[in-house]
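K.L.:
Sequence first, then the predicted structure, then my questions.
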Amino acid sequence: MPALFQKIFKTGLVTETLGPDDDEIIQLVHAVDQKTKHLLGRALAIRDVDAGSCNGCEIEITGLTSPVYDSERFGIHFVASPRHADLLLVTGPVTRNMEIPLRKTYEATPAPKLVVAVGDCAKTCGVFKGSYAVAGSVDKFVPVDVFVPGCPPEPADILRGILAALDRMPRK
Amino acid sequence: MNAYLLEIGQALLALLLAPGLVGFVRWLKARLQNRRGAPVWLPYFELRKLFGKEVVMSNNASWLFRVAPYIVFTSALAVTFLIPLLAAPLPFDNVGDLLVVVYLLLLGTFFLALAGLDPGTAFGGMGSSREMTVAALSEPTIALAIFGLALGAGSTNLGRIVTATLANPGVAISPGHLMAFAALFIVSLAETGRLPVDNPSTHLELTMIHEAMILEYSGRYLALIEWASWLKLVIFFTLLANLFIPWGLAATLTPVALAVAVLTLILKLVLLGLIVAVVETRIAKLRLFRVPELLGMSFVLALLAVTSSFLLK
């Protein structure tokens, strides 16, 4: 037991500071209204919806809660139910089987709510475009506030995307 | 009159301190994971956010689902009037003793379990069944552990127990008290949904207990239930701190004594929060079928505490 705590104290903080978005890759579709930003700005609960992704984006999303990216320092945490959520993090092209669950999840989330679409597939369907199993991009089914491009995007970019929706992007 | 004002004041203080205490434990745990962590006051923002959000309800939910959050919240709030947070004895000591405190807490748990069953989701029912299992095993231990103290004081009245310990400081390190403290500490972890019984930060449906019951709640209902569960943490920490180590409690209602009482209460809560954060960093969650063993052990400790205070009386 002392070894564990010795290691904890020797390691120190490993969280990296989040720099500004260099290449302006985060695409804010429309500005979020002031009231929502005020309400959700300090404490945000996220529900991750895998609408049919290859799980590449999910692996990067898992990185958000790691000590290095630590989304919790911005008051952002993941929850187990859409009823507790303020923001849906949608990944992948929407497959035919996930079309109704995605709509239902959106309906089950109490307003005010935001949607961040993560990955190239969410916007353009990526390599899955034209497949018989794919119903379309995320914005065809639910209103998207921010697109985070990348295949897969880095955890830092996903974090920037979420913060862009809340108007809390790090200053340049 | 002043004593009644104090009662209202201590209930308000418990309400205000509850989110801060949870935020502090979360922040400490984050630091122990080498993370920067959320600011200590984040739970206050969470409450504000939840009260400002819309309520989404299942079509299958009945009136019980709407009423349960208020019962859960008020039963926890009622307990804060009965326990010695700042001063002892209190005017409400005659309204309810130890047994009332234990069963008010159980009333909240009971309605929360019913609310988990009400919308008819699979996880809600699972959470309710688990919560009742844990509650059935831990509730007798709370009563029995405090009975260990009550035997020495000759009364189940919480105020009387505190004054008896203050009058005779030696009993605080008697084996009865020490074992009762250990028993109540283990049960506090179980009752407030912390490791190793439940994980407050879990999002895996198969490991949740408290979280599974409240999956269907949103908006202000969720805020009330969360606030009540944070209040429960303050209640258990206060029982641990002020029944076993009652020094710092105001014996007279002077401003100086009350200021000292508030400061010592915060200090005791911080210390207990530190212990919980370190324990949660060190240990893993117990397998569900091992939980009765842990709670059985705490029951035996409480029983030994009662026996030893009876024999040493």
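P.N.:
Perfect, I can see it now.

K.L.:
So for the closest residue to B:Pro292 other than its chain neighbours, what's the pLDDT?
P.N.:
Closest residue in space to B:Pro292, ignoring its immediate chain neighbours: B:Leu137 at 5.8 Å, by Cβ to Cβ, 6 or more residues apart in numbering or on different chains. For glycine as for every other residue, the C-beta is placed from the backbone atoms N, C-alpha and C. Per-residue pLDDT puts B:Leu137 at 91.

K.L.:
so where does B:Leu137 fall, helix or strand?
P.N.:
B:Leu137 belongs to helix B:122-153 when assigned by DSSP states H and E.

K.L.:
Show me which residues of chain A are close to chain B?
P.N.:
Neighbours of chain B within chain A, by Cβ under 8 Å from any Cβ of the partner chain: A:1, A:4-5, A:8, A:11-15, A:39-40, A:42-43, A:67, A:70, A:72-73, A:75, A:77-81, A:83-84, A:86, A:107-112.

K.L.:
Give me the buried subset of those.
P.N.:
A:15, A:39-40, A:42-43, A:67, A:70, A:72-73, A:75, A:77-81, A:83-84, A:86, A:108-110, A:112 (16 or more other Cβ atoms under 10 Å in any protein chain shown).

K.L.:
lowest-confidence helix or strand of chain A?
P.N.:
Ranked by mean pLDDT, DSSP states H and E, the helix or strand of chain A with the weakest confidence is strand A:27-28, at a mean of 79.

K.L.:
Report the mean per-residue pLDDT for the next helix or strand after that one.
P.N.:
Going down the chain from strand A:27-28, the next helix or strand is helix A:34-40, by DSSP H and E. Average pLDDT, helix A:34-40: 81.

K.L.:
List the contacts of helix A:34-40.
P.N.:
A:Asp86, A:Leu87, A:Pro112, A:Leu114, A:Leu166, A:Asp167, B:Arg48, B:Lys49, B:Gly52, B:Lys53 (Cβ atoms under 8 Å, 6 or more residues apart in numbering or on different chains).

K.L.:
again, 10 Å this time
P.N.:
Applying Cβ atoms under 10 Å, 6 or more residues apart in numbering or on different chains, the contact partners of helix A:34-40 are A:31-33, A:75-76, A:86-87, A:111-114, A:145, A:165-168, B:45, B:48-53.

K.L.:
Could you pick out the buried ones from those residues?
P.N.:
So, by 16+ other Cβ under 10 Å, the buried ones in those are A:32, A:75-76, A:86-87, A:112-114, A:145, A:165-166, A:168, B:45, B:49-50, B:52-53.

K.L.:
In strands, which of those fall?
P.N.:
In this view, those that belong to strands under DSSP state E are A:Ile76, A:Leu87, A:Leu114.

K.L.:
ok, so of these, who is nearest chain B?
P.N.:
Distance to chain B, by Cβ to the nearest Cβ, is smallest for A:Ile76 among those, at 8.6 Å.

K.L.:
Would you mind confirming that the closest one is in contact with A:Leu18?
P.N.:
No - counting by Cβ atoms under 10 Å, A:Ile76 stays clear of A:Leu18, with 11.5 Å between them.

K.L.:
List the buried residues of the longest helix along chain A.
P.N.:
Scanning chain A for the longest helix, with DSSP state H as the assignment, gives helix A:96-108. If you call a residue buried by 16+ other Cβ under 10 Å, then helix A:96-108 has these buried ones: A:Met98, A:Glu99, A:Leu102, A:Thr105, A:Tyr106, A:Ala108.

K.L.:
Kindly report the same for stretch B:4-15.
P.N.:
By 16+ other Cβ under 10 Å, the buried positions in stretch B:4-15 come out as B:Leu6, B:Glu7, B:Gly9, B:Gln10, B:Ala11, B:Leu13, B:Ala14, B:Leu15.

K.L.:
Assign the fourth one to helix, strand or coil.
P.N.:
Under the three-state scheme (DSSP: H, G, I helix; E, B strand; the rest coil), B:Gln10 adopts helix.

K.L.:
where do the strands sit along chain B?
P.N.:
For chain B, no strands are identified by DSSP E.

K.L.:
which regions of it sit below the pLDDT cut-off?
P.N.:
Within chain B, no range satisfies pLDDT under 70.

K.L.:
so where do the helices sit in it?
P.N.:
Under DSSP H, chain B gives helices at B:2-32, B:42-51, B:63-82, B:98-117, B:122-153, B:158-167, B:175-191, B:210-213, B:219-238, B:244, B:255-282, B:291-311.

K.L.:
if you compare these, which one is most tucked away?
P.N.:
helix B:210-213 (a mean of 26; mean count of other Cβ atoms under 10 Å in any protein chain shown).

K.L.:
helices and strands around that helix, which ones?
P.N.:
helix B:98-117, helix B:122-153, helix B:219-238 (3 or more Cβ pairs under 10 Å, 6 or more residues apart in numbering or on different chains; DSSP states H and E).

K.L.:
ok, 6 Å please
P.N.:
helix B:122-153 (3 or more Cβ pairs under 6 Å, 6 or more residues apart in numbering or on different chains; DSSP states H and E).
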